[in-house]
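*Asks:* just a sequence and a predicted model for now, questions to come.
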Amino acid sequence: MNDRGINEVPAAELLTRDHTLHGSVLYGLDGRVIELQARAVGVLDEPMPWRSKGVVKIVGMAHGAINEALDRIAGALSKLGMTETPVQVLINLAPADLPKDGTWLDLPLAVIMLQAAGKLPDLPAEYEQRYVLVGELGLHGEIRRVPGVLSMASGAGSDRTLIVPKGNERECALVTADPTRQGCRVCSVETLAEVLEFFRGEKKLASVLNQELAFEPVIGKGVDFGRIKGQERAKQAALISAAGGHNLLLIGPPGEGKSLLASAMPGILPRLSAAEKVELTRIYSACGQLERDGMCVTRRPMRPVHHTASKQAIVGGGSGTPTPGEVTLAHLGVLFLDELAEFARPTLETLRQPIENGEVTISRVDGTLTFPCRFTLMAAMNPCPCGYYGTPQCRCKTSEVKAYQGKISGPILDRIDLQVELSRLTTEERFAESGEEQNPKLRALVEAARERQQKRFEGKGIPHNAAIPGGHVRDYCNFSTPGFEHFKKTIDASTLTTRSMDRLAKVSRTVADLAQSEMVEPEHLETAASFVVGGMLREGA
């Protein structure tokens with residue numbers, strides 16, 4: 001395959017031809033279809049290499065890797081012996097006001113450059129809208145897999161065929177698992193030569209959706225609660241947290257199971273629906289978290305965040321177009337902040353909007369984007385700088401303990417419904433045999449409680465008890481007469497703030513849901529109060 005014999009169209013005639021193709025780019029978490037328009041705008045005195053100055057120009061807010069695409073394309077065309085063009089080529093990427101970056105447009109750019117130079121025929125006009133080309137070109141003509149193609153399959157529409165690199169086809173096919181969407185037809189290619197043969201009518205592309213595809217999980221199976229020794233109160237708090245979507249703070253000495261409990265938490269959360277699996281896989285694909293094709297997020301994530309992480313790493317940001325952070329990767333799962341008191345206060349304060357709204361909005365020069373982040377926050381901290389407050393081992397001064405615990409701001413603490421103190425395990429607990437598998441039983445309890453909440457909040461846009469908006473707690477908590485009397489006595493005895501009072505009501509409602517009770521009774525209040533009222537960081541709330 002080379003230039004000789006391919007370009008039989010007079011160069012002057014190329015100036016009259018219109019060329020249109022479609023590609024796709026990732027913008028935030030969404031796949032956006034891009035229309036590529038190309039024209040030959042000038043005849044060269046003699047054919048020149050593609051990379052010669054002024055031979056090919058790309059307009060339409062092309063940034064970053066797109067500006068380097070011509071180098072990759074020239075290398076790939078050189079492999080095929082197609083090294084020169086007889087005309088100058090102008091390419092517009094529409095919509096022109098949408099920032100475009102990444103390597104997704106390498107493949108359609110290469111094809112439309114050849115069309116404009118008369119080296120490749122156009123698709124018939126009735127077919128141009130049907131195909132969307134995506135892929136990164138290597139210098140040897142290979143087409144490399146790219147991130148975010150599941151979003152592009154979702155955004156392409158059911159009437160289109162998405163041509164993607166081999167190694168992306170199973171990910172694209174996952175869109176059909178979401179019953180709320182109709183997936184597009186998906187074809188995969190390995191080399192640029194294959195695509196050129198298709199455009200010449202010499203090769204057909206088969207839809208991978210006709211094949212039976214298997215998927216492997218991105219997230220492995222977590223720790224079972226039966227493997228966690230002792231800490232029964234902490235396990236009870238975790239169960240309530242999972243059942244009602246309540247944020248949970250674990251306080252205790254180092255090495256007594258706080259991190260282990262957080263890693264076990266996703267295993268008792270409700271199973272993901274098909275639509276949720278697609279949604280999470282889209283996020284992980286867009287963030288480059290899928291190591292290979294055919295990976296799917298089938299389990300709820302648990303994202304541990306180190307206290308040295310920046311605000312941008314946690315909530316998202318970056319320069320140019322905003323990118324998601326850890327809160328979005330933890331969507332529908334657990335965000336775990338270990339050593340909570342060691343986080344910089346400004347970093348913790350950035351979590352207020354994500355916790356409250358279940359989404360985070362980020363503004364940058366290239367746009368304002370909103371990412372989903374409905375997660376359960378689990379945080380862990382030592383009770384004092386040395387970690388052994390309340391035991392003979394502690395050598396911290398009272399002022400140091402207060403200063404350490406005071407690092408957690410009131411607004412963040414107000415958004416944590418449950419607080420539990422872990423004690424040091426006894427010798428008997430440490431050497432006890434691990435218990436039987438508990439996750440299936442606990443998950444069944446959580447799912448039953450969540451089903452009650454779904455019926456209660458049907459059509460209200462409230463996902464779980466923890467999300468009941470302020471001012472509506474009494475509308476949904478359904479106290480029995482003795483329960484409400486006990487509620488008022490508890491408030492009087494503990495001098496709770498209004499926000500803390502609402503927290504107590506919501507947690508009590510979840511305890512009642514776990515007990516399959518329509519009404520919140522005094523015993524449910526007692527259990528809830530043991531995790532909401534008082535506590536090491538609750539005094540004076």
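*Replies:* Everything's here; your move. Numbers count the residues shown, from 1 in each chain.
*Asks:* measure I251 to E421 for me?
*Replies:* Remark: distance between I251 and E421 (CB to CB, to the nearest Å) = 5 Å. Just so you know, the C-beta spots here come from the backbone N, C-alpha and C atoms, and that holds for glycine as well.
*Asks:* mind checking pLDDT for L213?
*Replies:* Confidence at L213, expressed as pLDDT, is 63.
*Asks:* burial count for the closest residue in space to H22 that isn't next to it in sequence?
*Replies:* Closest residue in space to H22, ignoring its immediate chain neighbours: V132 at 4.8 Å, by CB to CB, 6 or more residues apart in numbering. The criterion is other CB atoms under 10 Å. On that basis, V132 has 24 neighbouring residues.
*Asks:* can you check Q393 too?
*Replies:* Applying other CB under 10 Å, I find that Q393 has 11 neighbouring residues.
*Asks:* same check, this time on V25
*Replies:* Neighbourhood size, V25 [other CB under 10 Å]: 27.
*Asks:* please identify which helix or strand holds F531.
*Replies:* Using DSSP states H and E, F531 falls within helix 522-532.
*Asks:* do L280 as well
*Replies:* helix 274-286.
*Asks:* now do the buried residues in that helix.
*Replies:* For helix 274-286, burial by neighbour count (16 or more other CB atoms under 10 Å) applies to E276, K277, V278, E279, L280, T281, R282, I283, Y284, S285, A286.
*Asks:* repeat that for stretch 421-439.
*Replies:* E421, L422, L425, Q438, N439.
*Asks:* list of residues touching that stretch?
*Replies:* 224-227, 229-231, 234, 250-253, 256-258, 264, 267-268, 383, 391, 535-536 (CB atoms under 8 Å, 6 or more residues apart in numbering).
*Asks:* looking at this, A193 is in a helix?
*Replies:* Yes - with DSSP: H, G, I helix; E, B strand; the rest coil as the criterion, A193 is part of a helix.
*Asks:* and it, how close does it get to T498?
*Replies:* 69 Å.
*Asks:* picking up where we left off before, nearest to S207 among the buried residues of stretch 421-439?
*Replies:* N439 (38.9 Å; CB to CB).
*Asks:* what's the longest strand along the chain packed up against?
*Replies:* When the chain is parsed with DSSP state E, its longest strand is strand 30-49. Helices and strands touching strand 30-49, by 3 or more CB pairs under 8 Å, 6 or more residues apart in numbering; DSSP states H and E, are helix 11-14, strand 19-27, strand 84-94, helix 106-116, helix 149-156.
*Asks:* tell me which other helices or strands the third one touches.
*Replies:* With contacts defined as 3+ CB pairs under 8 Å, 6+ apart, strand 84-94 has these neighbours: helix 11-14, strand 30-49, strand 56-59, helix 106-116.
*Asks:* and the longest strand of the chain, which residues are buried?
*Replies:* In strand 30-49, counting by 16+ other CB under 10 Å, buried: 30-40, 44, 47-48.
*Asks:* which member of the residues you listed is positioned nearest T103?
*Replies:* Nearest to T103 among the buried residues of strand 30-49: I34, at 13.1 Å, using CB to CB.
*Asks:* hmm, the closest one is touching I91, no?
*Replies:* No - between I34 and I91 there is no contact under CB atoms under 8 Å: 10.9 Å.
*Asks:* ok, back up a step: so the helix holding L280 versus strand 30-49, what angle?
*Replies:* With axes from the mean of the first three to the mean of the last three CA atoms, to 10 degrees as the basis, helix 274-286 and strand 30-49 are set at 40 degrees to each other.
*Asks:* ok, then the element right after helix 274-286?
*Replies:* Remark: after helix 274-286, the chain's next helix or strand is strand 295-296, criterion DSSP H and E.
*Asks:* now for the helix or strand just after that next one, which elements pack on it?
*Replies:* For strand 295-296, the following helix or strand on the C-terminal side (DSSP H and E) is strand 302-305. Helices and strands touching strand 302-305, as assessed by 3+ CB pairs under 8 Å, 6+ apart, comprise helix 258-264, helix 326-329, strand 334-337.
*Asks:* now those as JSON lines including mean pLDDT?
*Replies:* Listed next are these as JSON lines, based on pLDDT from 0 to 100:
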{"stretch": "helix 258-264", "mean pLDDT": "92"}
{"stretch": "helix 326-329", "mean pLDDT": "97"}
{"stretch": "strand 334-337", "mean pLDDT": "96"}
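*Asks:* show residues contacting stretch 63-76.
*Replies:* 49-51, 56, 58, 83, 93, 99-103, 105-106, 109-110, 113, 136-141, 192, 320, 366.
*Asks:* just the buried ones from those?
*Replies:* Among the contacts of stretch 63-76, those classed as buried by 16+ other CB under 10 Å are 50, 56, 58, 83, 93, 99-103, 105-106, 109-110, 113, 136-138, 141, 192, 366.
*Asks:* out of the buried residues of stretch 421-439, name the ones that lie in helices.
*Replies:* Among the buried residues of stretch 421-439, the members found in helices (DSSP state H) are N439.
*Asks:* and R299, what is it in contact with?
*Replies:* Each residue near R299 by CB under 8 Å, 6+ apart is listed here: P217, I219, G220, K221, G222, P266, L272.
*Asks:* wait, doesn't the last one sit right on T281?
*Replies:* No - between L272 and T281 there is no contact, the gap being 10.0 Å when judged by CB under 8 Å.
*Asks:* what do those two both touch?
*Replies:* Listed as contacting both L272 and T281 by CB under 8 Å, 6+ apart are V297.
*Asks:* give me the neighbour count for R233.
*Replies:* Residues lying near R233 (other CB under 10 Å) number 14.
*Asks:* follow-up on the earlier one: so which pair among the buried residues of strand 30-49 is furthest apart in space?
*Replies:* For those, and using CB to CB, no pair is farther apart than D30 and P47, which are 40.2 Å apart.
*Asks:* where does the stretch 151-300 of the chain have low pLDDT?
*Replies:* 177-183, 210-213 (pLDDT under 70).
*Asks:* parallel or antiparallel, which strands does the host helix or strand of L377 pair with?
*Replies:* Following DSSP H and E, one finds L377 within strand 376-381. Strand pairing for strand 376-381, determined by DSSP bridges: strand 248-251 (parallel), strand 334-337 (parallel).
*Asks:* quick revisit: return the member of the buried residues of strand 30-49 nearest to T481.
*Replies:* When those are compared for distance to T481 (CB to CB), D30 comes out closest, at 50.9 Å.
*Asks:* quick check: most distant residue from the centroid of this protein.
*Replies:* D45 (51.9 Å; CA atoms, centre = their mean).
*Asks:* residue ranges in the chain under the pLDDT threshold?
*Replies:* For the chain, applying pLDDT under 70 flags the ranges 1-8, 177-183, 210-213, 534-541.
*Asks:* L249 and I416, how far apart?
*Replies:* Taking CB to CB as the measure, L249 and I416 are separated by 5 Å.
*Asks:* which neighbours do these two have in common?
*Replies:* Common neighbours of L249 and I416 (criterion: CB under 8 Å, 6+ apart): A379.
*Asks:* can I get stretch 140-147 in PDB, CA atoms only?
*Replies:* Only the C-alpha atoms of stretch 140-147 are listed here, as PDB (Å, rounded to 0.1, in the frame of the first residue of the first chain):
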ATOM      1  CA  HIS A 140       3.600   1.300  13.500                       C
ATOM      2  CA  GLY A 141       0.000   1.600  12.300                       C
ATOM      3  CA  GLU A 142      -1.500  -0.200  15.300                       C
ATOM      4  CA  ILE A 143      -4.700   1.200  17.000                       C
ATOM      5  CA  ARG A 144      -4.300   1.400  20.800                       C
ATOM      6  CA  ARG A 145      -7.100   1.100  23.400                       C
ATOM      7  CA  VAL A 146      -8.200   4.300  25.100                       C
ATOM      8  CA  PRO A 147     -10.000   5.100  28.300                       C
END
